[in-house]
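In: make a model of this:
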Amino acid sequence: MTRGSTLYVEDLSMSFGDHRVLDGLTLSVDPGESVCVVGPSGAGKTTLLRCLAGLTRPTSGRVRYGDQPLTEPHPDIAVVSQDYRGSLLPWLRAWDNVAFPLQGRGVKKAVRKRRALECLEAVGLPDVGDKYPWQLSGGMQQRVATARGLAYDAPVLLMDEPFGSVDAQSRFDLEDLTLRLRRELGITVLVVTHDIDEAVYLGDRVIVLGGRPTAVLDNLTVPLGPDRDQLTTRADPRFAELRTRVLARIRGEKVPSGPATARA
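Out: Reported below is the predicted structural model:
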């Protein structure tokens, strides 16, 4: 069962001084959807995510969560940063790092700890609650950061390049974890990434950004179904076609025709 409301981006533009980064972006993310935003470095993907999180106000246009204008952080929206090393506090144990955001909600310590340990178990780390971040591998630290997002019990999870700093095997494991959590918890997931394969693997839709200033180049449905795995899904000819279409859009090249791209 899905939770939360639809996220809307309406004619959103963002400028820094005379430099226009985002230009008239319009898109939406429905409850329970997994949507990936992909584009080249410098395209403003993180800026868009910060606007969706209520951390940055756009120069023009607006973001809505259901009927509510989103101008500040919302309790229904959690964020997982790309910099897990910087976001985890090295002097706090894993469970305390996960529970840290709950302090601002006035949740009692015993309840915070119980919730944190539940979330660590959900991400496959039932036995690391008393360890410090520096005692964990990079992949495990990223799981702790993900658990912190879950502990907030938010129906919307925004992830900013969440797996870019881990090894390939950890990345695959974390991608599968994201799909599992989305399915089991009924949450909405939006992932900002520069990795095209990751975007196609994780997304029900892939939104392609590009150009100068950045605009939406494509809004691509991924007809690969909810049950995916690293070997079978990536070997599917439709996966290759979709990946090729995204790359062609980013490069400004002609999109090759094929069954999957024709349906999209």
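
In: how about the nearest residue to Pro133 once chain neighbours are set aside, what does it touch?
Out: Taking C-beta to C-beta, 6 or more residues apart in numbering as the measure, Pro133 lies nearest to Leu88, with 4.3 Å between them; neighbours along the chain are not counted. The way it works is simple: take the backbone N, C-alpha and C, and place the C-beta from them, glycine included. The contact partners of Leu88, by C-beta atoms under 8 Å, 6 or more residues apart in numbering, come to Asn97, Pro133, Gln141, Val144, Ala145.

In: next up, phi/psi of Leu88, please.
Out: Backbone torsions of Leu88, given as degrees, to the nearest 10, read phi -90, psi 130.

In: can you list the weak-confidence ranges in the stretch 51-200 of the chain?
Out: Filtered on pLDDT under 70, the stretch 51-200 of the chain yields the residue ranges 83-86.

In: mind listing the strands for it?
Out: Secondary structure of the stretch 51-200 of the chain, counting by DSSP state E, counting those that start in this stretch: strands at 60-65, 68-69, 77-80, 156-160, 188-193.

In: list of residues touching the shortest one?
Out: Which is strand 68-69. For strand 68-69, the surrounding residues in contact (C-beta under 8 Å, 6+ apart) are Ser5, Arg62, Val63, His74.

In: mind putting these into a markdown table with distance to Thr56 and neighbour count?
Out: Supplementary listing: the contacts of strand 68-69 in a markdown table, determined by distance: C-beta to C-beta, whole Å; neighbours: other C-beta atoms under 10 Å:
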| residue | distance to Thr56 | neighbour count |
| --- | --- | --- |
| Ser5 | 20 | 18 |
| Arg62 | 12 | 15 |
| Val63 | 10 | 23 |
| His74 | 14 | 20 |
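
In: mind picking the two most distant members of these?
Out: Ser5 and Arg62 (14.9 Å; C-beta to C-beta).

In: ok, back up a step: by neighbour count, which of the contacts of Leu88 wins?
Out: Each of those was scored for neighbours by other C-beta atoms under 10 Å, and Val144 scores highest at 27 neighbours.

In: nice, that's everything, thank you.
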